[in-house]
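J.: Provide a 3D model corresponding to the input given below.
(one chain, ligands or ions: 1)
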Amino acid sequence: MLHQSHSYSETTSNTKSGIDLPSDAGAQESTPLETTAATLRPQFWTQFKLAELNHSEWEALCDGCGSCCLIKYIDNDDDEELVEYTDVTCQLMDCATGYCQHYDSRQEYVPDCIQLTIENLPNMMWLPAHCAYKRLYKGQSLPSWHLLLTQDAVVTQQQMRAANVGVAGRCVTEIGMSDEEMETRVVNWVTP
Ligand code: SF4
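T.: Below you'll find the predicted structure:
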């Protein structure tokens, strides 16, 4: 069993999307669409392969759910059904907001933070089933609540909560936690 503690999308909007911000903070943030709209080609997620996306388009796929920052147990990287998520997060996670506290410099703090790139995506099928990168890689559509579809951060936020997606407010930090306690914190609200 592999205890995988630190994984993160290179492009996750976990600190900047505004999708999963608390309601009182959302207005202070710009959404990915607002900040990168000029470089997002229309319907790019259906018109181009993942390898053909530009940087802004790749970033815009992340919904900021924070699930990839949860500590998980993986029996076999090739079999997504053998992944168990815990509600324990990387030490850098702000568990109240669900955002990385040091996104830009995170690897200075957590050197083994795994970056999600087009090259390593095939080996990251432990990502949650709703993750846009995994879904597009598998030939599936974006989740219906994705910001690229709703074009409305508030609607997306509400629908993500309704779909039981996102770590904000229901995760705990790995700091000070023993391996034994960690093993008791497997949750079923993240579906690989
Ligand atoms: S699981 Fe996917 S959508 Fe969620 S934060 Fe990680 S990369 Fe982004």
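
J.: Now do E119: how many residues are near it, please.
T.: By other Cβ atoms under 10 Å, 9 other residues sit near E119. Heads up, the C-betas are built off the backbone N, CA and C, glycines and all.

J.: element containing it?
T.: Following DSSP states H and E, one finds E119 outside all helices and strands.

J.: which stretches of the chain form helices?
T.: Per DSSP state H, the chain has helices spanning 32-36, 44-47, 55-60, 106-109, 132-137, 147-150, 153-162, 179-182. These are given in chain order.

J.: Out of the ones you listed, which is closest to the ligand?
T.: For the helices of the chain, distance to the ligand was read as Cβ to the nearest ligand atom. The smallest value, 5.7 Å, belongs to helix 132-137.

J.: Quick one: name the residues of this protein near the ligand.
T.: Residues of the chain found near the ligand, taking Cβ under 6 Å from any ligand atom as the criterion, are 9, 12, 14, 62-68, 116, 127-128, 131-133.

J.: So C131 is in contact with G64, correct?
T.: No: the pair C131 and G64 fails to qualify as a contact (Cβ atoms under 8 Å) at a distance of 10.9 Å.

J.: Which of the residues of the chain next to the ligand scores worst on pLDDT?
T.: Ranked by pLDDT, the residues of the chain next to the ligand bottom out at T12 (36).

J.: Next up, the contacts around T39.
T.: Applying Cβ atoms under 8 Å, 6 or more residues apart in numbering, we find T39 in contact with N54, H55, S56, E57.

J.: And the second one, what's its pLDDT?
T.: Spelled out, that is H55. What the model reports as pLDDT for H55 is 94.

J.: Which elements pack onto the longest strand along the chain?
T.: In the chain, ranked by residue count with DSSP state E as the criterion, the top strand is strand 83-89. Secondary-structure packing of strand 83-89 (3 or more Cβ pairs under 8 Å, 6 or more residues apart in numbering; DSSP states H and E): strand 70-74, strand 172-173.

J.: got those strands as CSV, with mean neighbour count and mean pLDDT columns?
T.: Below are the helices and strands packed on strand 83-89 laid out as CSV (neighbours: other Cβ atoms under 10 Å; pLDDT from 0 to 100):
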stretch, mean neighbour count, mean pLDDT
strand 70-74, 22, 94
strand 172-173, 16, 97
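
J.: which one of the ones you listed lies closest to E108?
T.: Comparison of the helices and strands packed on strand 83-89 against E108 by Cβ to Cβ identifies strand 172-173 as nearest, at 18.0 Å.

J.: That closest one - which strands sit beside it in the sheet, and in what orientation?
T.: Partner strands and pairing direction for strand 172-173 (DSSP bridges) are strand 83-89 (parallel).

J.: If I take the strand it pairs with and strand 70-74, what angle do their directions form?
T.: For strand 83-89 and strand 70-74, the angle between their directions (axes from the mean of the first three to the mean of the last three Cα atoms, to 10 degrees) works out to 160 degrees.
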